[in-house]
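Student: okay, predicted coordinates and the sequence, questions at the end:
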Amino acid sequence: MGARESPSLESRIARVEGILEEVRERLNHLETRTEMGFSELRRELRSQFRWTLGIMLGVLIPMWVTIILTILFH
């Protein structure tokens, strides 16, 4: 086994700091993508809710009116 020189403490700390900075950048990117995905999902849910509500109101209210009128004038 040959003697080898171990890296200095400063160089090891610098390497760890570099790795931490890279991890921080990746996490920021992931957080941004996640927020964008959730905002898109919220937008889609709002759109679907409006369609569902419109269909329900467009079908249920006339049906109820018809039933009530049928009962009243039968």
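Tutor: All right, it came through fine. Numbering: from 1, shown residues only.
Student: residue 58 - how many residues pack around it?
Tutor: 10 (other C-beta atoms under 10 Å). Heads up, the C-betas are built off the backbone N, CA and C, glycines and all.
Student: hmm, I was thinking of residue 54
Tutor: Other residues close to residue 54 by other C-beta under 10 Å number 10.
Student: do the one 3 residues further on as well
Tutor: For residue 57, the count of nearby residues is 10 (other C-beta under 10 Å).
Student: what pLDDT does the model give it?
Tutor: You'll see residue 57 listed with a pLDDT of 87.
Student: any regions of this protein where pLDDT drops low?
Tutor: 1-5 (pLDDT under 70).
Student: where along it do the helices fall?
Tutor: Remark: helices assigned in the chain by DSSP state H are 9-72.
Student: so for it, the centremost residue is which one?
Tutor: residue 38 (2.1 Å; C-alpha atoms, centre = their mean).
Student: so what's that residue up against?
Tutor: Residue 38 makes contact with no residue, according to C-beta atoms under 8 Å, 6 or more residues apart in numbering.
Student: that one and residue 58: what is the separation?
Tutor: Residue 38 sits 30 Å away from residue 58, going by C-beta to C-beta, to the nearest Å.
Student: next: residue 39.
Tutor: 29 Å.
Student: then residue 26?
Tutor: Using C-beta to C-beta, one gets 48 Å for the distance from residue 26 to residue 58.
Student: same check on residue 74?
Tutor: 25 Å.
Student: try residue 32
Tutor: 39 Å.
Student: what is the neighbour count of residue 23?
Tutor: Count around residue 23 with other C-beta under 10 Å applied: 10.
Student: state the distance from it to residue 30.
Tutor: 10 Å.
Student: ok, residue 44 next?
Tutor: 21 Å.
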